[in-house]
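Asks: Any chance you could fold what I've pasted below:
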Amino acid sequence: MSPFDVTIFGLEDRNSTAERVIAEYAQNHRWLDVGVGLVGTVIPGGAIPAMIACIAVQGPLFYKPLAKELSKIYLLPEDQHTRRMVNEVLYDGITLDIMNAFNADFLVEIARELVSEIGWGAAASFIPLVGGLVGAALDSMVAATMTWRVGTMISTYYQNGGRWLGDRSETFERSKALVGQLSPVANGRVKLDDVPTANPEVFVTQFETLKRVSIDTMLEMTTDAEIICSALRKRGVPEALIQEAHRYIKGRRAEVGLD
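Replies: Predicted structure coming up:
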């Protein structure tokens, strides 16, 4: 059994907790970056370069700790007894992998893309005094939005069984589409339960995992779809997956002439 298999159990609770954590990081991140943007009040045009430089070094400060917290949310078993038996070395290794995904090179890539999103704001930041205020506002928007994009990207990785959608950059682009345009809003930017809907391959991954670790095993004991689906509900499996499980079980019953 893969350490990522537990993610589908209690998934809606995991997503809700992850949303709260991302919002907290977005709030804290936003106010730090406003201070960076005020560089433009002293050095015309300084806000944008300062912001890009800040993003490039933020991995250790914000994104890696965020990745670590989200890893615990998605990887720990849902029951407390099993949590105490978790192999901490194994989970630390997985967490380190996702933390290292947010290295300086990847953050610079993100920062360059942001310049084109900022548009008129980049030009306005070259105006003395006013430019600093514009830069501060832009930094607030960038910080909150980037935190949600990265957080959504990490959630997608775990919801997809510990795999990127294509690769790291494509997963970021998909997450960017879910979060939307630049905004200083720190709360409620994404409903993480919507990740499988927006990315059908995530739903496929989740259902294949559910079949492998739970449904097919239960089918050896009973082919009653209601009993199996009830058991899945008790473990916090999302309703969309349960409905897919019901169809799958009905199909299996039809194959052997039970329906």
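Asks: any chance you could map the helices in the chain?
Replies: Using DSSP state H, the helices assigned to the chain run over residues 11-37, 47-56, 64-75, 80-84, 88-100, 104-118, 120-124, 130-159, 168-179, 195-198, 200-210, 216-219, 225-234, 239-255.
Asks: Flag whichever of the ones you listed has the least confidence on average.
Replies: Note on the helices of the chain: helix 120-124 shows the lowest mean pLDDT, a mean of 45.
Asks: Would you check how far apart residue 200 and residue 240 are?
Replies: As judged by C-beta to C-beta, to the nearest Å, residue 200 and residue 240 stand 11 Å apart. Every residue, glycine included, has its C-beta placed from N, CA and C.
Asks: The two: who's more crowded?
Replies: Legend: neighbour count by other C-beta atoms under 10 Å for residue 200 and residue 240, higher for residue 240 (14 against 9).
Asks: Tell me who's in contact with that one.
Replies: 196-197, 203 (C-beta atoms under 8 Å, 6 or more residues apart in numbering).
Asks: neighbour-wise, which of those leads?
Replies: Neighbour max across these (other C-beta under 10 Å) = residue 196, 23 neighbours.
Asks: from what I can see that residue touches residue 209, true?
Replies: No. Using C-beta atoms under 8 Å, residue 196 makes no contact with residue 209, being 11.7 Å away.
Asks: Dump stretch 148-167 to CSV, restricted to CA.
Replies: C-alpha atoms of stretch 148-167 as CSV (Å, rounded to 0.1, in the frame of the first residue of the first chain):
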residue,chain,number,x,y,z
TRP,A,148,-3.0,29.9,-3.2
ARG,A,149,-1.6,28.8,-6.5
VAL,A,150,1.2,26.9,-4.8
GLY,A,151,-1.1,25.5,-2.1
THR,A,152,-3.6,24.3,-4.8
MET,A,153,-0.7,22.8,-6.7
ILE,A,154,0.5,20.8,-3.7
SER,A,155,-3.1,19.7,-2.9
THR,A,156,-3.5,18.5,-6.5
TYR,A,157,-0.2,16.5,-6.2
TYR,A,158,-1.5,14.6,-3.2
GLN,A,159,-5.1,14.2,-4.5
ASN,A,160,-3.5,12.7,-7.6
GLY,A,161,-1.7,10.0,-5.7
GLY,A,162,1.6,11.8,-5.3
ARG,A,163,2.0,12.6,-9.0
TRP,A,164,2.1,15.8,-11.0
LEU,A,165,-0.4,16.4,-13.8
GLY,A,166,2.1,16.0,-16.6
ASP,A,167,4.9,17.7,-14.8
